[in-house]
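> What shape does this take:
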Amino acid sequence: MSEGAKSDNGVMVRLNQFMLYSRTSGPRGQSRLTGPGMWMLMYDEDLSSRNHLSIDVMGTPEHLTVGDKGTPQLLQTENIDAMHPHDYIMALEFRDSLTLNADKKERLTFLFAPRGEAAFGPVPFMHRISAEGNPDAPLGHSLQDGFHDVSTVLGIGYQLAGTTIETTVFSGKDIVWPLPMHSPDSYAVRVNQKVDNHLSFGASYADALLPEDAGRAEHSQFVAAWLTASYSVGTGTLKSSLIWGQGRPTHGAAQNSFLEEALYQLGPNKFYGRAELLQILPDNLDLAVPNGGAVLKWAGALTLGYERTLFEKSGLSLFVGSSYTKDFIPAEFTHAYGNDPAGAKVYARVAFVGRSH
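Numbers count the residues shown, from 1 in each chain. The predicted model follows:
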């Protein structure tokens, strides 16, 4: 919703697909070839001079190209040391945007999505310009931008110049194929401020019923804040994001996560990095520790990567790249991860952007 109304009518197709070999070290190390990626189909139509309709569909082949075991990534709690595959359809969103004044600086947007994004967190990691080319999901993904594919979303957004305020209600119940509809039981509010063409910041709050709590109707609270920037540095461009996310369950302590990521593009070369620090429950990793699995522990990861553009023509691009991640763990985790946990990846990536008017 924060993008607002789009000016180009027609259909746009986007594709971002990896072929990725991952290897992680230690007693829990894995080696696997997977294919994380996503596709988008976007339709835009001016219904009048001040009314714009957009329909967005986002999907992924990951159940076929990644599989239930996921893509190896140490300390990832979603699939335990691996990033889970997303569902075939991650979003089906309908937006109607009304321009309220002649200079188009004031806009009201209505959202309905059988499945889509709640108004929580920054732009999800798979769409962030500061994360382009990085095949890894953040370890703190569920605390920072984890409501990007929830069920039964209804929302309204108000934009005045560079300020956007959004609110959504949605269902936190577990999602099953294809597009279930539930009564909304959760809500989220987000504020985003664009300072200029280079800098923006925002904050959000969500009160959400998580799938594992649906039987008990116990809600958790989430807060996130972020700062994004894009500047020319020398002959290249530096794009960066600083993100904090916190989740507080009904019974338990608040869980924090911090992320700083950056990408520097110099011609066909991209140099990227990500630093993370977060609290993890040993129970989330199926770990038995001396003082109990429900006590939060600090862990972290530092990733450095490089990507090279091999081919670009008519919206089609081919890239190759690699990355290395050094993980930082508490002493209680060494029996499961060893003394020097790390991971490496090499990959090819295909991207496509095409528009039909």
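
> ok, which stretches of the stretch 1-150 of the chain are strands?
10-24, 31-34, 37-48, 51-59, 71-72, 82-83, 89-99, 106-116, 150-160 (DSSP state E, counting those that start in this stretch).

> Which one, of those strands, ends up nearest to residue 258?
Within the strands of the stretch 1-150 of the chain, the stretch nearest residue 258 is strand 82-83; the backing value is 19.3 Å (C-beta to C-beta). The C-beta positions use only the backbone N, C-alpha and C, and glycine is treated the same way.

> residues making contact with that closest one?
For strand 82-83, the surrounding residues in contact (C-beta atoms under 8 Å, 6 or more residues apart in numbering) are 30, 36, 69-73, 76, 136-137.

> Just the buried residues of those.
Neighbour counting over those (16 or more other C-beta atoms under 10 Å) leaves 30, 36, 70-73, 76, 136-137 as the buried ones.

> Just give the number of residues close to residue 196.
7 (other C-beta atoms under 10 Å).

> One more: residue 233?
Neighbours of residue 233 under the rule other C-beta under 10 Å: 10.

> ok, and the closest non-adjacent residue to it?
Spatial nearest neighbour of residue 233, excluding adjacent residues (C-beta to C-beta, 6 or more residues apart in numbering): residue 264 at 6.9 Å.

> Pull the contacting residues for that neighbour.
By C-beta under 8 Å, 6+ apart, the contact set of residue 264 is 233, 236-239, 270-272.

> Is it correct that residue 333 falls within a strand?
No: counting by DSSP: H, G, I helix; E, B strand; the rest coil, residue 333 is not found in a strand; it is helix.

> Look up how far residue 280 lies from it.
Using C-beta to C-beta, to the nearest Å, residue 333 is found at 9 Å from residue 280.

> Would you mind listing the residues touching both of those two?
297, 299.

> show me where pLDDT drops low in the stretch 251-357 of the chain?
Along the stretch 251-357 of the chain, segments meeting pLDDT under 70 are nowhere present.

> quick one, strands of it?
255-266, 269-280, 297-313, 316-328, 342-356.

> can you list those strands in CSV and add distance to residue 61?
Listed next are the strands of the stretch 251-357 of the chain as CSV, based on distance: least, C-beta to C-beta, whole Å:
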stretch, distance to residue 61
strand 255-266, 25
strand 269-280, 24
strand 297-313, 21
strand 316-328, 18
strand 342-356, 12
